[in-house]
Each structure stands twice: as structure tokens, then as C-alpha cells.
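Novice: this one's structure only:
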Ligand SMILES: Cc1cc2nc3c(=O)[nH]c(=O)nc-3n(C[C@H](O)[C@H](O)[C@H](O)COP(=O)(O)OP(=O)(O)OC[C@H]3O[C@@H](n4cnc5c(N)ncnc54)[C@H](O)[C@@H]3O)c2cc1C
Ligand code: SF4
């Protein structure tokens, strides 16, 4: 095929949460857009093989066999890697990487990426996050503030559909929400206890990307109201939660401007020395290994944080011997993540006249960050948010045999309330937390393996201790009993919120991207997935990737019209 046939206006690498948004925005603005995805196609509704299965239809009733666990020591640690959804996860042997230090890298290589698997928790970041590095003296200053993103948050929330309450908290800006999923009796009780006994601490309904009450724009996407099935990781037959597959990609396809190519592994970005910018990408066919080049005026890298680092590091030329846009030498460094390694559980004997009323796909309650908000009050930097949920499990009498046993099993006695919380800590990006290319080892497609060297530090340990102490105190105040504080001691990675490596900043000497997510040193390449993040906040990151992506596409298209790219 000639170059002409391989030429588009825009190329987007990756079709997950951020790539889906880039595709939607470019195609809506009339640009012929090529989305390159290394994994297979997953068509909404059609390719969700387990979505309507009953538990008894699974060979292992939804559980993992010992053999699968043994074969997948990394991915099987993820709570969602179970019989009903494991086909959406990368298996350990399929895509190896080198762990200089233990790192559980959880991936989803398919059209839609991890948007099919995510837990859909969606909170805006605030200026406490964007001003954080400057105020608390770490990393580099973010080149943007909340005001730069506020309208874009609204824009993506309206299309994706985010449920939540307007809670009026400075650390968690309100958005344009659909109705929140209500808290149950014990979650509500804990909320009241905390607000009475702790100034500045709050328990709110978790905000999540579910259509609690769809608007016309959601029906126009072919999506419907969430049915509270809580089987989201199988793919939702109602389009009840936001995924690229249910939302942005079909929307982009409807414009007639989208070309989506699954099984297309992007090996590198091609830099044209004469033009002084990128001209296209080099792609290896996942099945045939055939190499093809595609060309475009603008390239968005949305392969998910760590893979985006890999692609940029592997895009070498005489102008950029250490990776595209890496004049600063910081590409691949200052990788950061969240710290989800602690949790607390307990029981509550009260409120037994209530049960959990149906299922709540939002995860229950959310405790926004309350540590070091207005002033430094602890011996660690930054803070943590936390989840909080309560449920009543059935207590089954398994004694007897035959008819007696059957009757006992049918009689559903609910036990006391079980309550739980998990920590969502901010980590501090450091130069010593890095990813780089292995010099010798390559994957099946001839691409260098990634070496990952990432670890928690003393700040994380102190923060975790504080979380366990504070939440134990809050649980005690609420009269919860049998409190068990658990330091899971897990390696980084399982929070699945890896960020950084190509951070945004003011100064090209210390950062890779400018305030528009554009490579300082190669203006027609943009990075709008987690790789761009200068710091990590405590909030879940994906809503911010969506907002940054829509904003960057808008800027890129305006720049193209002015002939600047
Ligand atoms: C179980 C689970 C729960 C989560 N819960 C939450 C949550 O509650 N809230 C939240 O904000 N986030 C959550 N996340 C994280 C969230 O899924 C990610 O932040 C988000 O998907 C990142 O979007 P992305 O576009 O950067 O990457 P992805 O969605 O991972 O998409 C990247 C895509 O790029 C493709 N790709 C990679 N390399 C190449 C290449 N070389 N060539 C071509 N294509 C390539 C991949 O196959 C993939 O399809 C969760 C994740 C998991 C797995
Ligand atoms: S809880 Fe809602 S979004 Fe999840 S699978 Fe059920 S209907 Fe779909």
C-alpha cells in the first residue's frame, strides 16, 4: 500500500479510557483518525461472553483453579481476575517484563483496554492536588491548575455519566452529577458518627461512572440505566457504566472518521529529522509480525502509563538517542502510583433491623483526604483517601443432610454487619522509581522488554501507619467491634494507578510535556494517559486522564488549524 493510503490526520495509540476519548474528540472535529490497538477487538454487547451467566454456569463457580493461580502469580492477585473476567486481563506469561523490584503490573490488552475492568470510581482533583508539589516541595510544579481543567471535567462527566452528590468539599470539587447511589444504613450511621465526632472528616457516597439516571446524551450512545447487577467486569449489556467500548469508540465510529485497527502493536514513533517533528508510527502486526508504517500530522500516545513510557523510550533517532522528547533525561523516571496496601475490617452489632437494600455498584462510601489539607500536621507528606462499605453476609447452617440441609440452606439468616475500609494513599514521585528498556531481552514482536524498578518508601510506611491508626480510632468511635487492621504488605502495582515517567512541567529541562500535554521537544506528539501525571493525588486518576485528553485534542486541533503543528 502507498503512503497515501497509510496517511491519516491523527493517530491515537491505544483504545482504552484515554485513547477512546482522543478518538471521540478527533473524529467529532472532523479529523480522519487511526486508532491503533495491540489487542483483539472487543465489540460492545457482542464480545462479553460471560455477561449473562449464572454462577452455576461457570465451571468453577467463578473461582480460579490452583493451576491458573500458579501460572499467573502476578495478575491473579488482582481482585477482579476471576473466572468471569479473566479473558480481559493480560496473563503473566503472555507479556513478560523484568521486575528489578517486585511490581505487580496489571494490564488489559484489547479494544477498550482496562476501561472494561475498572472499578469506575471517578473524582475530580482539586488545587490541593495541582498545587501539591509546589506547596510540599516534591517533584516539579504542575503547569496547570484546577481552573484549567474545571470545564473539561464537566465536559467529560456529562458524556460519560458520573453519579454522585454535590458535597461542597474543597478537596473534592463537585461535578455535573447524575443522582448518587445511596449509602446503606450502616454506611449512613458511620457518616453521621464521623461528621459529629471529627471536624473536617467526611464520609460521602462514592462517585462513580454509572448511569443512575441516564440523560439523552447517554441514550444517544445506546446506553441505558444501570441495573445494579454488580457484574461490571464482565462487560455491561446495558452500557450502564462508562467504557470505551460502550461509549467513546462507537460514538467516534458513527462520525465515519474512525479507523480502528486491533492487533496493531506500536513499536515506535517515527521522527523526521528534516521536518523536526514526528511523521508517523511503526507498527508490528500482533499475529503475522509484519511491520507497517502509518503517518499523520498529530500523534496521541495513550497506551497506558507504563507502555507509553516504553513506546517513547523505544522511539530513538539521531536527534533523540535516548527516546523521543527526552532532552531532559527524565523520561521513564518519577513513575508514581497509589498506595492501596492497607485495609481495616470490623463488625457492627447494631441496626440489625436493616439489611443491604439491593446491590450498590458504586462501592458504598468514600472518605475524602483529611490529612495535611490546610497545614502540615503529620510526619509524612500528603495524605490518603479511603473507601468505606458495609454489608450483611448470610449465615448458613450447614448441619444435617438431605431435606433438612436443603431447608436450612434456603432459610437465609443474615449475620451482623461487616464493615471495611481500604486506604488510597498518595505516593511521592522520585527519580529512583523508574522504568527503562532492557538492553538484551526482547518480546515476541522484537520490542525491548521493560525493566521496572519501583518501590514504596518511608513516607508511604508512615502514611500507612497513620491510616491504620486513624481508621481504627474512627471505627472504635462508631462502636464497631472485632476491628482488624491489616497491612497487606503487597508490592506496588496492584492499585493499578501507575502514573508519571513523562511528566508535565513548566521547564523542558526537568519535564517531558508542557501544559498542553505536548512533548516540549516534539510538538506534534501528545501524551494524555497516566504517563503525563506530575504527581498522583489521592483521587482515582482516570477522570483526570479523560479531561486532559479532551482538552489536549481541542488544543491540538486549534494549533493544526493555525498551521502550528
Ligand atoms: C480492576 C481495576 C480497577 C480499577 N479501578 C479504577 C477506578 O475505580 N477508578 C479509576 O480512575 N481507575 C481505575 N482503574 C485504572 C483504570 O483502568 C486506568 O487508569 C485506565 O484504564 C487508564 O486508561 P488508559 O487509556 O491510560 O489505559 P488503558 O485503559 O489500559 O488502555 C491502554 C490501551 O493501550 C493498548 N496498548 C498498550 N501498548 C500498546 C502498543 N504498543 N500499541 C498499541 N496499543 C497498545 C492496550 O492494549 C490498551 O488497550 C482500575 C483498573 C483495574 C484493572
Ligand atoms: S451494575 Fe450496572 S453497570 Fe454494572 S453490569 Fe450491572 S447494570 Fe451494568
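Specialist: Perfect, thanks for sending it. It should be emphasised that the depicted structure is a prediction, and the values quoted were computed from it without experimental measurement. Ligands and ions are numbered 1, 2, ... in the order given.
Novice: any idea which helix or strand of this protein has the worst average confidence?
Specialist: Here the helix or strand of the chain ranked lowest by mean pLDDT, DSSP states H and E is helix 402-410, holding a mean of 83.
Novice: So which residues make contact with it?
Specialist: 396, 397, 398, 399, 400 (Cβ atoms under 8 Å, 6 or more residues apart in numbering). (Glycine included, C-beta is placed from N, CA and C.)
Novice: what's near enough to touch the third one?
Specialist: Right, residue 398. Taking Cβ under 8 Å, 6+ apart as the criterion, residue 398 is in contact with 405, 408, 409.
Novice: What does it show for phi and psi?
Specialist: phi -100, psi 10 (degrees, to the nearest 10).
Novice: what's the answer for the first one, then?
Specialist: Main-chain dihedrals, residue 396, degrees, to the nearest 10: phi -110, psi 130.
Novice: so who does it touch?
Specialist: Contact analysis of residue 396 by Cβ under 8 Å, 6+ apart lists 408, 409, 412, 413.
Novice: distance of it from ligand 1?
Specialist: Using Cβ to the nearest ligand atom, to the nearest Å, residue 396 is found at 29 Å from ligand 1.
Novice: can you confirm residue 495 is in a strand?
Specialist: No - per DSSP: H, G, I helix; E, B strand; the rest coil, residue 495 lies outside any strand segment and is coil.
Novice: surely it meets residue 342?
Specialist: No - taking contacts as Cβ atoms under 8 Å, residue 495 lies outside contact range of residue 342: 11.5 Å.
Novice: Of the two, give the one with the bigger neighbour count.
Specialist: Taking neighbours as other Cβ atoms under 10 Å, residue 495 and residue 342 compare with residue 342 leading, 26 against 22.
Novice: what's the following helix or strand after the least confident helix or strand of the chain?
Specialist: Reading on from helix 402-410 to the C-terminus, the next helix or strand found by DSSP states H and E is strand 413-426.
Novice: helices or strands up against that following strand?
Specialist: Under the contact criterion of 3 or more Cβ pairs under 8 Å, 6 or more residues apart in numbering; DSSP states H and E, strand 413-426 touches helix 185-197, strand 338-339, strand 342-348, strand 384-395, helix 458-477.
Novice: how much distance is there from whichever helix or strand comes after it to the middle of the chain?
Specialist: Sequence-wise, the next helix or strand downstream of strand 413-426 (DSSP H and E) is strand 434-442. Here strand 434-442 is found 24 Å from its chain centre; the criterion is Cα atoms, centre = their mean, to the nearest Å.
Novice: what's the answer for stretch 88-108, then?
Specialist: For stretch 88-108, the separation from the chain centroid amounts to 16 Å (computed by Cα atoms, centre = their mean).
Novice: next one: stretch 391-409
Specialist: Centroid displacement of stretch 391-409 relative to its chain, using Cα atoms, centre = their mean, is 40 Å.
Novice: What is the end-to-end distance of that stretch?
Specialist: 20 Å (Cα to Cα, to the nearest Å).
Novice: Next, the buried residues of it.
Specialist: For stretch 391-409, burial by neighbour count (16 or more other Cβ atoms under 10 Å) applies to 391, 392.
Novice: helices and strands around the helix or strand encompassing residue 26, which ones?
Specialist: According to DSSP H and E, residue 26 maps onto helix 17-28. Using 3+ Cβ pairs under 8 Å, 6+ apart, the elements in contact with helix 17-28 are strand 7-13, strand 33-36, helix 249-254, strand 258-261, strand 291-301, helix 542-561.
Novice: quick check: angle from the first one to strand 291-301?
Specialist: Here the directions of strand 7-13 and strand 291-301 differ by 70 degrees (axes from the mean of the first three to the mean of the last three Cα atoms, to 10 degrees).
Novice: re earlier: same list as before, the helices and strands packed on helix 17-28 that is, but in CSV and with mean neighbour count included.
Specialist: Formatted as CSV, the helices and strands packed on helix 17-28 follow (neighbours: other Cβ atoms under 10 Å):
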stretch, mean neighbour count
strand 7-13, 25
strand 33-36, 28
helix 249-254, 21
strand 258-261, 18
strand 291-301, 22
helix 542-561, 23
